[in-house]
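J.: A predicted structure for the sequence below; I have some questions about it.
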Amino acid sequence: MLTTNLALKAIPEEQPPEPQQSYLLMTKADIPAFLALQAKVIAALPEDKKHYLKPRTAEDLEAHLSADMPVIVVKDHDGKIIAQALVTLFNSPAAKNLGDYPNIGTDPKAAVQAVQVDPDARGKKLSEVLLNAAKIEAAKLGAASLLAKVATDNDSQKSFISTHFTKAAENVWDKAGRYFANYFQVALAKSEPLLRPV
Ligand SMILES: CC(C)(COP(=O)(O)OP(=O)(O)OC[C@H]1O[C@@H](n2cnc3c(N)ncnc32)[C@H](O)[C@@H]1OP(=O)(O)O)[C@@H](O)C(=O)NCCC(=O)NCCS
């Protein structure tokens, strides 16, 4: 009888894929949690980098949600918000801090603002989750392009580049905040059903 000496290798068990971090849309009940995270993020910024975030008030957030503009959040396993960002159409009554944007992007335009991640959850690409979610939510609002304003000295520009935003205007002086900003944009595909009936 023919015998072989081949050691049989155990077939590695297929590993389940890493769960994709998913996002939620904030409700008014989450406003205190949004404000708490915002305070933590701003407190963690060095004194000369506070211009990275323009703080929102409870009233701003109320108005934003009442106008049906989305606030994207990522929560941890305990339901605590660890990342958040606002999306708004330029022509929304709740639009804020959009007056100085240069004429870039295709109408109707939306902006993603107040992108922030809990300092204890940094380095996990949650900013990319927020920006990709912002594209989806802006497209759902009917926007053809999504814009963002980022201080030129802010490393978060990397997250915009990695989620396919491109720089559309450079070194624009923000008089009120006294810093230079770059503006980013991305074109949005119309949200169409993926499959067509045959
Ligand atoms: C900018 C910000 C949103 C990035 O969020 P994030 O989810 O941590 O982003 P990433 O995981 O891609 O990490 C970004 C960079 O942070 C740095 N980083 C990585 N791990 C880190 C950690 N544990 N702690 C601090 N910084 C870390 C790295 O430089 C990383 O760059 P890399 O991709 O080259 O490694 C977040 O830092 C933040 O909230 N900053 C303050 C508010 C702000 O500036 N918002 C942007 C307004 S436009």
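T.: All right, it came through fine. Values in this document were obtained by computation on a predicted structure and should not be read as measured data.
J.: tell me the spacing between whichever residue of the chain sits closest to the ligand and Glu62.
T.: Across the chain, the shortest distance to the ligand (C-beta to the nearest ligand atom) belongs to Gly123, at 2.2 Å. C-beta here means a position set from N, CA and C on the backbone, and glycine is covered the same way. The spacing between Gly123 and Glu62, counted by C-beta to C-beta, to the nearest Å, is 32 Å.
J.: tell me which parts of the chain are close to the ligand?
T.: 41, 52-53, 115-117, 122-127, 150, 154-156, 158-159 (C-beta under 6 Å from any ligand atom).
J.: again, only this time at 5 Å
T.: 52, 115-117, 122-123, 125-127, 150, 156, 159 (C-beta under 5 Å from any ligand atom).
J.: now, those residues that are in strands?
T.: Among the residues of the chain next to the ligand, the members falling in strands (DSSP state E) are 115-117, 150.
J.: how about the strands in the protein?
T.: So, for the chain - with DSSP E - the strands run 24-25, 71-75, 81-89, 109-117, 145-151, 166-174, 179-187.
J.: hang on, the earlier thing: now the ones in strands among the residues of the chain next to the ligand as a markdown table including distance to Leu86 and pLDDT?
T.: A markdown table is the format used below for those (distance: C-beta to C-beta, whole Å; pLDDT from 0 to 100):
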| residue | distance to Leu86 | pLDDT |
| --- | --- | --- |
| Val115 | 8 | 98 |
| Gln116 | 10 | 98 |
| Val117 | 14 | 98 |
| Val150 | 14 | 98 |
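J.: among these, list the two that are farthest apart in space.
T.: Val117 and Val150 (14.3 Å; C-beta to C-beta).
J.: so those two - more neighbours on which side?
T.: Val117 (23 against 19; other C-beta atoms under 10 Å).
J.: got any ranges where this protein has weak pLDDT?
T.: 1-20, 191-198 (pLDDT under 70).
J.: thinking again about what came up before, out of the residues of the chain next to the ligand, who's nearest Asn103?
T.: Closest to Asn103, out of all of the residues of the chain next to the ligand and judged by C-beta to C-beta, is Val150, at 17.8 Å.
J.: which residues does the closest one contact?
T.: Residues in contact with Val150 (C-beta atoms under 8 Å, 6 or more residues apart in numbering) are 156-157, 160, 181-184.
J.: list the buried residues in stretch 53-72.
T.: 53-54, 56, 60-61, 63-65, 69-72 (16 or more other C-beta atoms under 10 Å).
J.: now it: how far from the chain's centre is it?
T.: 14 Å (C-alpha atoms, centre = their mean, to the nearest Å).
J.: what's the end-to-end length of it?
T.: End-to-end span of stretch 53-72 (C-alpha to C-alpha, to the nearest Å): 16 Å.
J.: what comes into contact with it?
T.: 23-28, 30-32, 34-35, 38, 41-42, 45, 84-89, 92-94, 96-97, 113-114, 116, 130, 133-134, 137, 141, 177.
J.: rerun that using 6 Å as the cut-off
T.: Residues from elsewhere that reach stretch 53-72, judged by C-beta atoms under 6 Å, 6 or more residues apart in numbering: 23, 25-26, 28, 31, 38, 42, 85-88, 92-94, 97, 130, 133, 137.
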